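> Got a sequence here, can you build the structure:
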Amino acid sequence: MSEEKKYQPTESELEILQILWLYGPSTVKFINDKQNETKEAGYTTTLKIMQIMAEKGILEVNKESKQHIYTPTLDETETQGKLLDGFVKKAFAGSAMKLVMQALGNHKPSKEELQEIKKMIQSLENKTE
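All right, here's what the predicted structure looks like:
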């Protein structure tokens, strides 16, 4: 599997990864139960997607217990960074500024979020000095 392809999980795969990153190694039943909290997801569909993810090397499966335990092989921060880089290149012609301006225009940030954004800008400015 190529390194680039490794970071292109589908929307369904990313949904499963997000649950695993949040809760840690889990069974198909646990993942499916979490999915069903926000939308209807069939158990066999979740199982099939997770089996495909294991075949791709996105998940590892521990088959030692009666219920198989799935663990992500992709690092959350690294994967999100690669996905964001691709999105910025495709949707915003590589401009991080356009992405940020669009995000701030579509979502009214809280005071806390604005403070965090200011801290990040200051940190980036300090690195370039």
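> contacts and neighbour counts: CA atoms only from here.
Fine.
> where does this protein dip in pLDDT?
Within the chain, the ranges that satisfy pLDDT under 70 run 1-7, 129.
> Now do the helices in it.
3-6, 11-23, 28-35, 43-56, 76-91, 96-106, 111-128 (DSSP state H).
> Quick one, which of those gets closest to Ser65.
Ser65 lies closest, by Cα to Cα, to one member of these: helix 28-35, at 13.1 Å.
> if we can go back for a sec, which one of the helices of the chain lies nearest to His68?
Nearest to His68, of these and by Cα to Cα, is helix 28-35 at 7.7 Å.
> thinking again about what came up before, TSV please, covering the helices of the chain and showing mean neighbour count.
Formatted as TSV, those follow (neighbours: other Cα atoms under 10 Å):
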stretch	mean neighbour count
helix 3-6	10
helix 11-23	15
helix 28-35	18
helix 43-56	16
helix 76-91	14
helix 96-106	12
helix 111-128	11
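> mind putting those in a markdown table, distance to Gln67 included?
Output for the helices of the chain, formatted as a markdown table (distance: least, Cα to Cα, whole Å):
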| stretch | distance to Gln67 |
| --- | --- |
| helix 3-6 | 26 |
| helix 11-23 | 16 |
| helix 28-35 | 8 |
| helix 43-56 | 12 |
| helix 76-91 | 24 |
| helix 96-106 | 41 |
| helix 111-128 | 41 |
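> domain parsing for the protein?
Per the record, the chain has its domains at 3-72, 76-128, by automatic domain parsing.
> Out of the helices of the chain, which gets nearest to Glu64?
helix 28-35 (14.8 Å).
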